[in-house]
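*Asks:* turn this into a model:
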Amino acid sequence: MKALVIGGAGYIGSHVVLYLCDRGIEVTVFDNLSTGKQENLDERALFVRGDILVETDLEQAFKDGNFDIVLHFAALKSPEESMLFPMRYAKNNLTGSLNILNTMLKFDVRNIVFSSSCAVYGESRYIPIDEKHPLEPINYYGYTKLAIEENLAWYARLGKINYAALRYFNAAGYDLDGRLRGREPQPTNLLPIIMETASGERSSMEVFGTDYATDDGSCIRDYIHVNDLARAHFQALEYIMAGEKPLVTNLATGRGYSVLQVIESAVKITGRTIAYDCTERRKGDPAVVIAGTERAFEALGWQARYSDIETILKSMWKVYGN
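*Replies:* Residues are numbered from 1 along each chain as shown. Okay, here's the model as predicted:
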């Protein structure tokens with residue numbers, strides 16, 4: 001089987017490439033290396049440098065590939081940034097994804113696994129958030145993910161593609177065998193920022209809001225280890241290639257940790273002081289995001305194995321603490 005992994009030099013994409021190569025999938029990575037890292041590239045995968053906004057780049061990759069399936073990770077992903085610069089997110093996430101879909105059809109590639117997000121749900125009306133929850137994103141990033149899902153659904157309804165859209169809940173951690181160590185430049189997610197603070201790269205960090213309706217006032221999130229994510233993508237790939245109907249599913253644990261709980265756990269694991277300042281809420285941040293996970297188990301037989309906060313933080317400290 002031949003897979004094109006778009007954004008395969010990035011944090012999540014590179015872990016998925018590693019998992020696919022371990023299982024004998026013939027992988028081509030397509031990435032512009034704007035945020036992806038050269039050091040994340042698996043030597044078993046063919047690398048094609050290109051941009052999803054340049055249609056001729058995509059066409060050249062597809063022309064030479066004869067792919068069975070595409071896995072799409074190439075998106076800008078900061079909710080906060082998307083509220084300030086929506087035009088960037090419209091161009092990259094929306095236009096880029098349509099370029100991918102249309103190039104797939106031009107070269108008769110009919111299967112895709114899409115990296116979606118829990119940001120499509122917005123504020124939780126109930127907990128846990130299952131796939132039947134209303135889709136009301138509260139930041140533009142989440143809107144772009146939802147819009148891409150809607151296009152996938154239309155293309156599938158018109159008989160053009162089959163797809164899986166995987167809605168992540170806060171991916172974190174590093175390969176448990178230590179094979180991937182490329183760190184994200186200028187991270188915006190909580191756990192890398194905690195690690196940078198613990199390692200001394202930052203003198204302190206910010207906790208955005210301590211007046212939410214939670215036990216300690218800070219936001220609660222459902223974290224998933226990137227090794228669990230990688231396995232889920234492989235299982236979704238098998239599901240789609242077997243001709244099953246389109247799948248939209250959460251990928252998470254069903255358990256949440258507050259920002260202050262995560263910092264406390266990181267202090268214990270790293271043995272370092274983690275200084276932080278409590279500041280105002282960020283626009284677009286829901287108070288509590290915890291997932292329902294039944295559909296992933298029912299459809300794929302998947303459930304998280306390595307996503308307790310201690311395992312996640314220990315795998316990260318092996319990268320940041322050295």
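
*Asks:* list the contacts for the closest residue to residue 275 other than its chain neighbours?
*Replies:* In this structure, residue 275 finds its nearest non-sequential neighbour in residue 204, 3.9 Å apart by Cβ to Cβ, 6 or more residues apart in numbering. Just so you know, the C-beta spots here come from the backbone N, C-alpha and C atoms, and that holds for glycine as well. Neighbour list for residue 204: 197, 275, 276, 277 [criterion: Cβ atoms under 8 Å, 6 or more residues apart in numbering].

*Asks:* for residue 258, same thing?
*Replies:* Taking Cβ under 8 Å, 6+ apart, we find residue 258 in contact with 214, 215, 216, 218, 219, 220.

*Asks:* show me where the stretch 1-150 of the chain dips below the pLDDT cut-off.
*Replies:* For the stretch 1-150 of the chain, applying pLDDT under 70 flags no range at all.

*Asks:* and the strands in it?
*Replies:* Under the criterion DSSP state E, counting those that start in this stretch, strands of the stretch 1-150 of the chain are mapped to 2-6, 26-31, 46-49, 69-72, 111-117.

*Asks:* how about a markdown table for these, with distance to residue 262 and mean neighbour count added?
*Replies:* Below are these laid out as a markdown table (distance: least, Cβ to Cβ, whole Å; neighbours: other Cβ atoms under 10 Å):
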| stretch | distance to residue 262 | mean neighbour count |
| --- | --- | --- |
| strand 2-6 | 29 | 25 |
| strand 26-31 | 29 | 24 |
| strand 46-49 | 34 | 17 |
| strand 69-72 | 29 | 26 |
| strand 111-117 | 19 | 24 |
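
*Asks:* same list (those strands) but as TSV, adding distance to residue 271.
*Replies:* What follows is these, written out as TSV (distance: least, Cβ to Cβ, whole Å):
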stretch	distance to residue 271
strand 2-6	37
strand 26-31	36
strand 46-49	38
strand 69-72	38
strand 111-117	33
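
*Asks:* which stretches in the stretch 201-322 of the chain count as helices?
*Replies:* Listed in chain order, the helices of the stretch 201-322 of the chain (DSSP state H, counting those that start in this stretch) span 226-241, 259-270, 294-300, 309-320.

*Asks:* nearest to residue 168 among the strands of the stretch 1-150 of the chain would be which one?
*Replies:* Among the strands of the stretch 1-150 of the chain, strand 111-117 comes nearest to residue 168, with 5.7 Å by Cβ to Cβ.

*Asks:* send me that closest one as PDB with only the CA atoms.
*Replies:* This file holds the C-alpha atoms of strand 111-117, laid out as PDB (Å, rounded to 0.1, in the frame of the first residue of the first chain):
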ATOM      1  CA  ASN A 111      -9.300   7.700   0.100                       C
ATOM      2  CA  ILE A 112      -8.300  10.300   2.700                       C
ATOM      3  CA  VAL A 113      -7.700  10.400   6.500                       C
ATOM      4  CA  PHE A 114      -8.100  14.000   7.700                       C
ATOM      5  CA  SER A 115      -6.600  15.500  10.900                       C
ATOM      6  CA  SER A 116      -9.600  17.300  12.400                       C
ATOM      7  CA  SER A 117     -10.000  18.800  15.900                       C
END
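
*Asks:* and that strand, which strands flank it?
*Replies:* Strand 111-117 sits in its sheet next to strand 69-72 (parallel), strand 162-168 (parallel), going by DSSP bridges.

*Asks:* redo these as TSV? Include distance to residue 59.
*Replies:* Converted to TSV, the strands paired with strand 111-117 look like this (distance: least, Cβ to Cβ, whole Å):
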stretch	distance to residue 59
strand 69-72	14
strand 162-168	21
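
*Asks:* of all those, which one is nearest residue 232?
*Replies:* Proximity to residue 232 (Cβ to Cβ) singles out strand 162-168 among these, at 6.4 Å.

*Asks:* name the surrounding residues that touch the helix or strand that comes right after the closest one.
*Replies:* Note on strand 162-168: by DSSP states H and E, the next helix or strand toward the C-terminus is strand 171-172. Identification of contacts with strand 171-172 by Cβ under 8 Å, 6+ apart yields 11, 12, 189, 191, 223, 224, 225, 226, 229, 312, 316.

*Asks:* where is pLDDT lowest across those residues?
*Replies:* Within the set of the contacts of strand 171-172, pLDDT is lowest for residue 189 (88).

*Asks:* isn't that residue up against residue 183?
*Replies:* No - the criterion here is Cβ atoms under 8 Å, and residue 189 misses it with residue 183 at 11.8 Å.

*Asks:* ChimeraX command to pick out the buried ones of the contacts of residue 258?
*Replies:* Of these, the buried ones go into a single ChimeraX selection, burial set by 16 or more other Cβ atoms under 10 Å:
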select :214,218,219,220
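
*Asks:* okay, and for the stretch 151-300 of the chain, where does confidence drop off?
*Replies:* Checking the stretch 151-300 of the chain against pLDDT under 70 turns up 284.
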